[in-house]
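J.: Sequence first, predicted model second:
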Amino acid sequence: MSYEFFEIEKHGQSATLWLNRPEKRNAMGPAFWNELPQVMGALDDDSAVRAVVVAGRGKDFTVGLDLKAMGGTLFGAEPRGRFALLDEIERLQRSISSVAACKKPVIAAVHGYCLGGGIDLITACDIRYASRDAVFSIRETKIAIVADVGTLQRLPALIGKGHVAELAFTGDDVGAERAEALHLVNRVFADGDATLAAARDLAERIAANSPLAVMGTKRVLEYCEGKSVEDGLEYVATWNAAFLNSDDLKEAMAAFLEKRKPRFTGR
């Protein structure tokens, strides 16, 4: 399937999901919001893909919401009905949440600007890598908007409430080094090419493991957010009782005894 905003490039057992509107610095217009749930669903359903890298073509990862293209939808000259606007905001939220809902690990490879909606997008990913030239900003406050598509909900768990408050109240730019110190990104690399290469290498190393175990680990981590240790232990015990006895476990044991790399099938 072809998309207006996105391009999927497969390599090995992983895929790169390109934000592919470089002439607009990957600004998030209608096609982005319409297509993101479709493309994430397609990647989730593709058994040949075990991990996903999200990257941006051109100069920047994304400069965030396309204000010109989306202005009429969200900030029209005529007042919109409150419920109609509520429905539209919730649709945009579901679009970003499709990334978090992906059963497979999703890795953001950020270079250049990552503004506004870009923060929503990368906080919905599981892992974030960045190039040294990356710049991050919760830019909504500067244009009189409360960030409403996931940043204020997901970012506190990554960097802490105080840091989120500082960045969201000011809309200040944050460079890659501070982003790494805040734990907004896992690692920083020399440039965009090195960042993409590292993210793809990580995706392939993840893909080499049992898909069942990787998916289960992601589910358990998600469930345990905000839960007690006891609740988390009960959930993982139930999960393993259902999935531990798998073909992948048998293959892991056989590969260990035969001193070879395992060939996991996800069954």
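T.: Now that the structure is in, tell me what you want to look at.
J.: so who does residue 60 touch?
T.: 25, 26, 111, 112, 113, 114 (C-beta atoms under 8 Å, 6 or more residues apart in numbering). For glycine as for every other residue, the C-beta is placed from the backbone atoms N, C-alpha and C.
J.: Most neighbours of all those residues, which one?
T.: Scoring the contacts of residue 60 on neighbours with other C-beta atoms under 10 Å, the highest-scoring entry is residue 114 at 31 neighbours.
J.: So it lies in a helix, does it not?
T.: No. Assignment of residue 114 by DSSP: H, G, I helix; E, B strand; the rest coil gives strand, placing it outside any helix.
J.: For it, which residues count as its bridge partners?
T.: Residue 114 has the following beta-bridge partners by DSSP bridges: residue 62, residue 136.
J.: Just the pLDDT at it, thanks.
T.: On pLDDT, residue 114 comes in at 98.
J.: check contacts around it.
T.: 60, 61, 62, 122, 130, 134, 135, 136, 137.
J.: switch the cut-off to 7 Å
T.: 61, 62, 122, 134, 135, 136 (C-beta atoms under 7 Å, 6 or more residues apart in numbering).
J.: Also residue 142?
T.: The neighbourhood of residue 142, defined by C-beta under 7 Å, 6+ apart, consists of residue 171.
J.: where does it land in three-state SS?
T.: Reduced to three states by three-state DSSP, residue 142 is helix.
J.: could you pull out the strands for the stretch 101-250 of the chain?
T.: 106-110, 113-115, 127-131, 135-137, 174-175, 187-189 (DSSP state E, counting those that start in this stretch).
J.: quick one, which of those strands is packed in tightest?
T.: Mean neighbour count (mean count of other C-beta atoms under 10 Å) peaks for strand 106-110 among the strands of the stretch 101-250 of the chain, with a mean of 28.
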